[in-house]
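1. after the sequence you'll find the predicted model.
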Amino acid sequence: MTSGPGLPPGAAQPWPPMDHPVSGSRAPKVWGKVLTAAVVALLLGLGGGLLLGLALFSPSEPEGRAEAHIQTGCQLVERMDDDDYLPFSRDVLERVEDPLLWEMTAAAMLFVAAGTADENYNHLQEAGMSLQIGMNTFRDEDVNDALDVLVRECRD
């Protein structure tokens, strides 16, 4: 850098003033904004499309959920019948180490879930609720009535 007229020795010469920006200096800023807007629009479009697709094309209840609950519940009820748990009596509740006692509770809840998933199975839901309540309150008659309904239904 050289000193210009009127400047002290060793002082740098100032650049001439610019009336307009150098060509291309705005281009990176504009393209950056366009690229950012494009990426944001793409992400919003993908996210919105995914949510819309899920809302339109996914069923509220998976097909066969109620039937799957009934099938599993019936397998448990059949095991109770095969293992001489029926008719139910209070001594069954004293067998806390026996898995079938806990499976009876699971069967009751599966039938309640089936009725919740599909109102065509409300009668099984009621029987499942009666089974669970009867077990909780030690009402042998309620448990046996509910199991009679469930065993008959599972055999059909």
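-> Now that the structure is in, tell me what you want to look at.

2. correct me if wrong: E153 contacts Y121.
-> No - here E153 lies out of contact with Y121, judged by Cβ atoms under 8 Å, at a distance of 9.2 Å. Where C-beta positions appear, they are placed from N, C-alpha and C, glycine not excepted.

3. neighbour count: these two, which is higher?
-> Using other Cβ atoms under 10 Å, the more surrounded residue of E153 and Y121 is Y121, with 22 against 17.

4. quick check: mean pLDDT of the strand or helix carrying L43?
-> Assigned by DSSP states H and E, L43 belongs to helix 27-57. For helix 27-57, mean pLDDT is 70.

5. what packs against the helix or strand just after that helix?
-> As assigned by DSSP H and E, the chain's next helix or strand after helix 27-57 is helix 65-82. Using 3 or more Cβ pairs under 8 Å, 6 or more residues apart in numbering; DSSP states H and E, the elements in contact with helix 65-82 are helix 99-117, helix 122-137, helix 140-155.

6. L76: which of these is closest?
-> When those are compared for distance to L76 using Cβ to Cβ, the nearest one is helix 99-117, at 3.9 Å.

7. what's the closest one in contact with?
-> 61, 65-67, 69-70, 72-73, 76-77, 79-80, 83, 85, 92-93, 95, 121-129, 131-132, 135, 146, 150 (Cβ atoms under 8 Å, 6 or more residues apart in numbering).
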